[in-house]
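Participant: just a sequence and a predicted model for now, questions to come.
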Amino acid sequence: MPKTQTHTPIMGYLLWIFGFIGAHRFYYGKPISGTIYFFTLGLFLIGWLVDLFLIPSMNREADIRFHEGEIDYNLAWIFLTFLGLFGIHRFYMGKWISGIIYLITGGIFGLGYIYDFWTLNNQISLLNDSDNN
């Protein structure tokens with residue numbers, strides 16, 4: 001059975017627009033470089049421009065590394081990126097209690113939001129694995 005895409009280049013390029021804060025790097029499961037981009041504005045915009053050409057390879061790596069399933073990575077990343085402080089991505093993943101906590105506390109005062117940038121791909125993979133078993 002051919003492997004379907006868990007991540008898409010279109011989403012990667014959309015997040016690349018915000019890449020100077022590391023959004024596309026977090027999306028592709030590279031939290032350390034995403035954090036470095038966040039604090040250096042995409043390595044002073046040079047790394048951000050170079051990544052324009054690296055997105056296809058980062059996309060292939062993410063498709064190999066993460067597991068497909070019921071929860072769509074792209075939709076979860078859209079929710080996290082734009083509505084994460086309200087916990088919408090957590091509601092989407094079926095994490096109702098933490099979703100309510102995020103909604104009330106602004107993503108636990110932003111710290112939970114940052115945590116989810118670091119871990120969202122793995123959270124989804126675990127949930128997708130448990131759905132397949």
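Facilitator: Nice, thanks for sending it over.
Participant: check contacts around I108.
Facilitator: 101-102 (CB atoms under 8 Å, 6 or more residues apart in numbering). Just so you know, the C-beta spots here come from the backbone N, C-alpha and C atoms, and that holds for glycine as well.
Participant: send the alpha carbons of the one helix or strand it maps to over as CSV?
Facilitator: Using DSSP states H and E, I108 falls within helix 96-109. Only the C-alpha atoms of helix 96-109 are listed here, as CSV (Å, rounded to 0.1, in the frame of the first residue of the first chain):
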residue,chain,number,x,y,z
TRP,A,96,-11.3,18.3,25.4
ILE,A,97,-10.1,19.0,28.9
SER,A,98,-6.8,20.6,27.9
GLY,A,99,-8.8,22.4,25.1
ILE,A,100,-11.0,24.0,27.7
ILE,A,101,-8.0,24.8,29.9
TYR,A,102,-6.3,26.5,26.9
LEU,A,103,-9.5,28.4,26.1
ILE,A,104,-9.7,29.8,29.6
THR,A,105,-6.0,30.5,30.1
GLY,A,106,-4.9,31.7,26.6
GLY,A,107,-3.0,28.5,25.9
ILE,A,108,-1.8,28.4,29.6
PHE,A,109,-0.5,31.9,29.2
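Participant: quick one: stretch 9-26 to chain centroid distance?
Facilitator: 9 Å (CA atoms, centre = their mean, to the nearest Å).
Participant: for that stretch, which positions count as buried?
Facilitator: For stretch 9-26, the buried set under the neighbour-count rule, 16 or more other CB atoms under 10 Å, comprises 11-16, 19-26.
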